[in-house]
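**Q** generate a structure from the sequence data that follows.
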Amino acid sequence: MFAVPLTAPGSELRPLEPHHAVEYLAHIGRARENVDRFVPWAAGAADLDSARAQLQAYADKQAADTGRLFGIWLDGTLVGGVMFVGFDTSLGNCELGCWLEPAAQGRGLVTGGVRVLLEYALVERGLSRAEWYCGTDNARSRAVAQRVGMTLEGVQRSSFPHGGVRRDMEVWAVLADEWAAPQA
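**A** Alright, predicted model coming up:
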(Lines give C-alpha, C1' and ligand atoms only; values in the text may rest on other atoms or scores of the structure.)
Protein backbone atom coordinates (compact mmCIF):
# COMPACT_ATOMS: atom_id res chain seq x y z
CA MET A 1 0.00 0.00 0.00
CA PHE A 2 1.16 3.53 -0.56
CA ALA A 3 2.59 5.86 2.06
CA VAL A 4 3.32 9.55 1.62
CA PRO A 5 6.21 10.83 3.75
CA LEU A 6 5.43 13.92 5.81
CA THR A 7 7.99 16.51 6.90
CA ALA A 8 8.67 15.20 10.42
CA PRO A 9 11.29 12.42 10.53
CA GLY A 10 9.65 8.99 10.68
CA SER A 11 6.20 10.26 9.74
CA GLU A 12 3.93 9.15 6.92
CA LEU A 13 0.37 9.39 5.68
CA ARG A 14 -1.41 6.16 4.71
CA PRO A 15 -4.96 4.99 4.07
CA LEU A 16 -6.69 4.08 7.33
CA GLU A 17 -8.84 1.03 6.64
CA PRO A 18 -10.99 -1.52 8.51
CA HIS A 19 -8.07 -3.95 8.90
CA HIS A 20 -6.40 -1.31 11.13
CA ALA A 21 -9.23 -1.54 13.71
CA VAL A 22 -7.09 -2.88 16.60
CA GLU A 23 -4.40 -0.26 16.06
CA TYR A 24 -7.03 2.44 15.53
CA LEU A 25 -8.87 1.59 18.76
CA ALA A 26 -5.62 1.78 20.75
CA HIS A 27 -4.82 5.12 19.15
CA ILE A 28 -8.30 6.53 19.84
CA GLY A 29 -7.82 5.53 23.47
CA ARG A 30 -4.76 7.79 23.58
CA ALA A 31 -6.45 10.58 21.60
CA ARG A 32 -9.99 10.45 23.01
CA GLU A 33 -9.73 13.19 25.64
CA ASN A 34 -8.04 15.58 23.21
CA VAL A 35 -10.46 14.88 20.34
CA ASP A 36 -13.69 14.66 22.35
CA ARG A 37 -13.17 18.20 23.68
CA PHE A 38 -14.05 19.49 20.21
CA VAL A 39 -16.11 16.83 18.40
CA PRO A 40 -17.90 13.63 19.45
CA TRP A 41 -16.13 11.68 16.70
CA ALA A 42 -13.76 9.61 18.84
CA ALA A 43 -16.64 8.40 21.01
CA GLY A 44 -17.81 6.39 18.00
CA ALA A 45 -14.93 3.97 18.56
CA ALA A 46 -15.67 2.58 22.02
CA ASP A 47 -14.73 -1.06 21.37
CA LEU A 48 -13.28 -3.17 18.57
CA ASP A 49 -16.59 -3.67 16.77
CA SER A 50 -17.46 0.04 16.79
CA ALA A 51 -13.91 0.97 15.77
CA ARG A 52 -14.11 -1.43 12.83
CA ALA A 53 -17.57 -0.07 11.92
CA GLN A 54 -16.28 3.51 11.98
CA LEU A 55 -13.42 2.58 9.65
CA GLN A 56 -15.79 0.60 7.42
CA ALA A 57 -18.10 3.62 7.13
CA TYR A 58 -15.19 5.59 5.68
CA ALA A 59 -14.21 2.68 3.42
CA ASP A 60 -17.78 2.78 2.11
CA LYS A 61 -17.49 6.54 1.58
CA GLN A 62 -14.24 5.97 -0.30
CA ALA A 63 -15.92 3.39 -2.54
CA ALA A 64 -18.71 5.90 -3.26
CA ASP A 65 -16.16 8.73 -3.78
CA THR A 66 -17.83 10.80 -1.05
CA GLY A 67 -15.16 10.76 1.69
CA ARG A 68 -11.92 9.16 2.74
CA LEU A 69 -9.82 8.55 5.83
CA PHE A 70 -6.02 8.64 6.15
CA GLY A 71 -3.90 7.82 9.17
CA ILE A 72 -0.75 9.59 10.27
CA TRP A 73 1.93 7.23 11.52
CA LEU A 74 4.97 8.40 13.46
CA ASP A 75 7.80 5.89 13.87
CA GLY A 76 5.35 3.10 13.01
CA THR A 77 2.62 4.13 15.47
CA LEU A 78 -0.75 5.54 14.44
CA VAL A 79 -0.96 8.99 16.09
CA GLY A 80 -3.73 10.80 14.20
CA GLY A 81 -5.23 11.39 10.84
CA VAL A 82 -6.80 13.60 8.24
CA MET A 83 -9.97 13.00 6.32
CA PHE A 84 -12.34 14.09 3.66
CA VAL A 85 -15.43 14.43 5.85
CA GLY A 86 -17.29 15.03 2.61
CA PHE A 87 -16.23 14.92 -1.02
CA ASP A 88 -18.75 16.06 -3.65
CA THR A 89 -17.50 15.98 -7.23
CA SER A 90 -20.86 17.16 -8.62
CA LEU A 91 -20.60 20.41 -6.63
CA GLY A 92 -16.80 20.55 -6.75
CA ASN A 93 -16.52 20.88 -2.96
CA CYS A 94 -14.95 18.94 -0.13
CA GLU A 95 -14.68 19.27 3.61
CA LEU A 96 -11.51 18.29 5.45
CA GLY A 97 -11.03 17.30 9.07
CA CYS A 98 -8.29 16.07 11.37
CA TRP A 99 -7.44 14.66 14.77
CA LEU A 100 -4.21 13.99 16.64
CA GLU A 101 -3.19 12.50 19.95
CA PRO A 102 -1.43 14.93 22.32
CA ALA A 103 2.01 13.26 22.19
CA ALA A 104 2.26 13.95 18.44
CA GLN A 105 1.32 17.64 18.50
CA GLY A 106 3.68 20.39 17.40
CA ARG A 107 5.46 18.49 14.61
CA GLY A 108 3.49 19.72 11.59
CA LEU A 109 1.92 16.30 11.01
CA VAL A 110 -1.66 17.50 10.51
CA THR A 111 -0.58 20.48 8.43
CA GLY A 112 1.46 18.19 6.17
CA GLY A 113 -1.40 15.71 5.84
CA VAL A 114 -3.91 18.46 5.04
CA ARG A 115 -1.61 19.82 2.32
CA VAL A 116 -1.51 16.37 0.70
CA LEU A 117 -5.32 16.19 0.74
CA LEU A 118 -5.70 19.73 -0.63
CA GLU A 119 -3.32 18.96 -3.48
CA TYR A 120 -5.27 15.82 -4.30
CA ALA A 121 -8.70 17.48 -4.12
CA LEU A 122 -7.95 20.81 -5.80
CA VAL A 123 -5.32 19.79 -8.35
CA GLU A 124 -5.59 16.08 -9.12
CA ARG A 125 -9.38 15.79 -8.78
CA GLY A 126 -10.14 19.33 -9.95
CA LEU A 127 -12.50 20.37 -7.16
CA SER A 128 -13.16 24.09 -6.80
CA ARG A 129 -13.41 24.52 -3.03
CA ALA A 130 -12.12 22.90 0.16
CA GLU A 131 -13.75 23.74 3.48
CA TRP A 132 -12.62 23.47 7.10
CA TYR A 133 -14.86 23.84 10.14
CA CYS A 134 -13.61 24.29 13.69
CA GLY A 135 -14.97 25.50 16.99
CA THR A 136 -14.14 29.10 17.83
CA ASP A 137 -12.26 27.77 20.86
CA ASN A 138 -10.10 25.34 18.85
CA ALA A 139 -6.92 27.37 18.34
CA ARG A 140 -4.88 24.41 17.03
CA SER A 141 -7.40 23.63 14.28
CA ARG A 142 -7.65 27.31 13.34
CA ALA A 143 -3.85 27.44 13.07
CA VAL A 144 -3.85 24.53 10.58
CA ALA A 145 -6.40 26.35 8.40
CA GLN A 146 -4.23 29.47 8.47
CA ARG A 147 -0.99 27.60 7.72
CA VAL A 148 -2.44 25.95 4.61
CA GLY A 149 -3.69 29.29 3.26
CA MET A 150 -7.39 29.09 3.99
CA THR A 151 -9.51 32.20 4.47
CA LEU A 152 -11.86 32.67 7.40
CA GLU A 153 -15.26 33.19 5.79
CA GLY A 154 -17.29 33.65 8.96
CA VAL A 155 -18.69 32.14 12.11
CA GLN A 156 -21.80 30.00 12.26
CA ARG A 157 -23.28 30.93 15.60
CA SER A 158 -24.69 28.19 17.82
CA SER A 159 -24.42 25.69 14.96
CA PHE A 160 -22.91 22.59 16.57
CA PRO A 161 -24.32 20.84 19.64
CA HIS A 162 -21.63 19.13 21.67
CA GLY A 163 -21.39 18.25 25.34
CA GLY A 164 -24.77 19.76 26.09
CA VAL A 165 -23.77 23.14 24.68
CA ARG A 166 -24.39 24.70 21.27
CA ARG A 167 -21.02 25.83 19.92
CA ASP A 168 -20.01 28.49 17.43
CA MET A 169 -18.11 27.14 14.41
CA GLU A 170 -15.62 28.98 12.19
CA VAL A 171 -15.84 28.32 8.46
CA TRP A 172 -12.54 28.39 6.58
CA ALA A 173 -12.02 27.67 2.87
CA VAL A 174 -9.51 27.73 0.06
CA LEU A 175 -10.43 27.86 -3.61
CA ALA A 176 -8.57 25.98 -6.32
CA ASP A 177 -7.10 29.13 -7.90
CA GLU A 178 -5.90 30.34 -4.48
CA TRP A 179 -4.25 26.99 -3.82
CA ALA A 180 -2.55 26.94 -7.24
CA ALA A 181 -1.29 30.55 -7.03
CA PRO A 182 1.39 30.01 -4.33
CA GLN A 183 2.54 26.85 -6.13
CA ALA A 184 3.12 28.72 -9.43
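
**Q** check which helix or strand Asp60 maps to.
**A** Assigning secondary structure by DSSP states H and E places Asp60 in helix 48-64.

**Q** which SSE is immediately downstream of that helix?
**A** Past helix 48-64, the next helix or strand by DSSP H and E is strand 68-74.

**Q** just the angle between the helix or strand following that following strand and helix 48-64, please?
**A** Scanning forward in sequence from strand 68-74 by DSSP H and E, the next helix or strand is strand 77-88. Using axes from the mean of the first three to the mean of the last three Cα atoms, to 10 degrees, the inter-axis angle of strand 77-88 relative to helix 48-64 is 40 degrees.

**Q** tell me the mean pLDDT over strand 77-88?
**A** Averaging pLDDT along strand 77-88 yields 97.

**Q** what of stretch 162-172?
**A** On average, stretch 162-172 scores 93.

**Q** what lies in contact with that stretch?
**A** Stretch 162-172 is contacted by residues 38-40, 131-137, 142, 145, 150-161 when judged by Cβ atoms under 8 Å, 6 or more residues apart in numbering. C-beta: built from backbone N, CA, C; applies to glycine.

**Q** repeat that for 10 Å
**A** Residues from elsewhere that reach stretch 162-172, judged by Cβ atoms under 10 Å, 6 or more residues apart in numbering: 36-40, 95-96, 130-138, 141-142, 144-146, 148-161.

**Q** can you give me how far that stretch is from the chain middle?
**A** With Cα atoms, centre = their mean, to the nearest Å as the basis, stretch 162-172 stands 17 Å off its chain's centre.

**Q** got the buried residues for it?
**A** Residues of stretch 162-172 classed as buried by neighbour count (16 or more other Cβ atoms under 10 Å): 167, 169-172.
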